[in-house]
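Undergrad: Fold the following.
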Amino acid sequence: MGWRDTLARWIAALVLALACPAWAASPFENWAAVVVAGDWHAHSGGPSEAFDNARHDVSQELVRMGFKPDNLRELSVRPDLYKSEHLAKSTPKAIYDALVDVTARGPEGCLVYMSSHGAPNGIVIDQSILPPGILGSILDRTCGERPSVVVISACFSGIFVPELASGNRMILTAARPDRTSFGCGESNKYPFFDECFLQSTPISKDFPSLARAVQACVSARELREGMSPPSEPQLFIGPQIRPVLPLYMFPTPLPPARN
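TA: Next comes the predicted model:
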């Protein structure tokens, strides 16, 4: 199937969903999602719940946005600490296996969210580094050509953009390829980027507007706390998915909170 046929199919399905709410409660009900916490250490080396807090609460927010819990998998480096959540342990193979599972259940779209430490050659997943090329292969084999949103919250995560960039993907990263991100201390509830993501989803209308809101939120937070140099979250939107994403509308945005 060519890109024009694929685009026409997406648009027809979304127009029908928007016109007939009884036919589809949410444009994301047939999307697959995997959310990964890749580490449990603060930047000091001490323990931190920041990545697992992000993993848990981002997953909850996706469900609020209309993703089906049955089509969503969460992975943690320390699943035994969260036994009631029935998590898989974070490894590159587990990420692949989770995506194989949920993409079979949710064939219309694909979302991957990863929160961890980063390095100039990839993102930390437990005791290893997951490089851009391997993640790209995982996405190619599982998400394929369906519309896909990839969010990577880690230092140096901009290195993933060139490898993952394709026409059907939107990629949002917490930092430039040569910059760190912030908020991975022992006392942080979330990394700055993840906190901004969670703050921005209720007031955004779609993924492009969410990405811009997250970028602005991170910039303001870093400026307010004197963090330098700025992390400069990166955004890529492929040409095929660009006209489609505004049709995947979030629940009605909430009005900004008043002081």
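Undergrad: give me the low-pLDDT residue ranges for the chain?
TA: The model of the chain has pLDDT under 70 over residues 1-24, 253-259.
Undergrad: the strands in it, which residues?
TA: In the chain, the strands defined using DSSP state E lie at 31-37, 72-76, 88-89, 109-115, 118-119, 122-125, 128-130, 148-153, 169-173, 234-237.
Undergrad: Any idea which of the ones you listed gets closest to P162?
TA: strand 234-237 (8.9 Å; Cβ to Cβ). Any C-beta I mention is one placed from the backbone N, CA and C, and that applies to glycine too.
Undergrad: ok, and what's touching that closest one?
TA: Contacting residues not belonging to strand 234-237 are listed as 157-158, 161, 164-165, 169-173, 175-177, 208, 211-212, 215, 245 [Cβ atoms under 8 Å, 6 or more residues apart in numbering].
Undergrad: Kindly write the ChimeraX command that selects the buried subset of these.
TA: Once 16 or more other Cβ atoms under 10 Å is used to decide burial, the buried members of the contacts of strand 234-237 can be selected in ChimeraX as follows:
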select :157,158,161,164,169,170,171,172,173,175,176,177,208,211,215,245
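Undergrad: Now, the contacts of strand 234-237 that are in helices?
TA: Of the contacts of strand 234-237, the ones assigned to helices by DSSP state H are 161, 164, 208, 211-212, 215.
Undergrad: quick check, nearest of these to G118?
TA: Closest to G118, out of all of the ones in helices among the contacts of strand 234-237 and judged by Cβ to Cβ, is V161, at 12.9 Å.
Undergrad: how close does that closest one get to V102?
TA: Separation of V161 from V102 (Cβ to Cβ, to the nearest Å) stands at 24 Å.
Undergrad: give me every residue that touches R169.
TA: Counting by Cβ under 8 Å, 6+ apart, R169 touches 139, 147-150, 236, 238, 241.
Undergrad: one more time with 6 Å, if that's ok
TA: Contacts were defined as Cβ atoms under 6 Å, 6 or more residues apart in numbering; by that measure R169 touches 148, 238.
Undergrad: and it, bridged to which residues?
TA: Beta-bridge pairing of R169 under DSSP bridges involves S148.
Undergrad: ok, back up a step: wait, which of the strands of the chain is closest to S44?
TA: When the strands of the chain are compared (using Cβ to Cβ), the closest one is strand 122-125, at 15.0 Å.
Undergrad: Can you spell out which helices and strands pack onto the closest one?
TA: Packing partners of strand 122-125 (3 or more Cβ pairs under 6 Å, 6 or more residues apart in numbering; DSSP states H and E): strand 128-130.
Undergrad: In the strand it packs on, which residues are buried?
TA: Neighbour count says strand 128-130 has 129-130 buried, by 16+ other Cβ under 10 Å.
Undergrad: cool, and stretch 25-38?
TA: Those buried within stretch 25-38 under the rule 16+ other Cβ under 10 Å are 26-38.
Undergrad: Could you work out the end-to-end span of that stretch for me?
TA: Start-to-end span of stretch 25-38 (Cα to Cα, to the nearest Å) is 32 Å.
Undergrad: Show me the helices in the stretch 1-150 of the chain, by range?
TA: 3-19, 50-65, 92-105, 132-142 (DSSP state H, counting those that start in this stretch).
Undergrad: Now the third one: buried residues?
TA: Yep, that's helix 92-105 we're talking about. The neighbour-count check on helix 92-105 (16+ other Cβ under 10 Å) flags 92, 94-99, 101-103 as buried.
Undergrad: and if you look at the second one?
TA: Applying a neighbour-count criterion of 16+ other Cβ under 10 Å, the buried positions in helix 50-65 are 50-59, 61-62, 65.
Undergrad: With the last one instead?
TA: Buried positions in helix 132-142, judged by neighbour count with 16+ other Cβ under 10 Å: 132, 134-136, 138-139, 142.
Undergrad: Closest one of the residues you listed to E186?
TA: E186 lies nearest to L135 out of the buried residues of helix 132-142, by Cβ to Cβ, at 27.7 Å.
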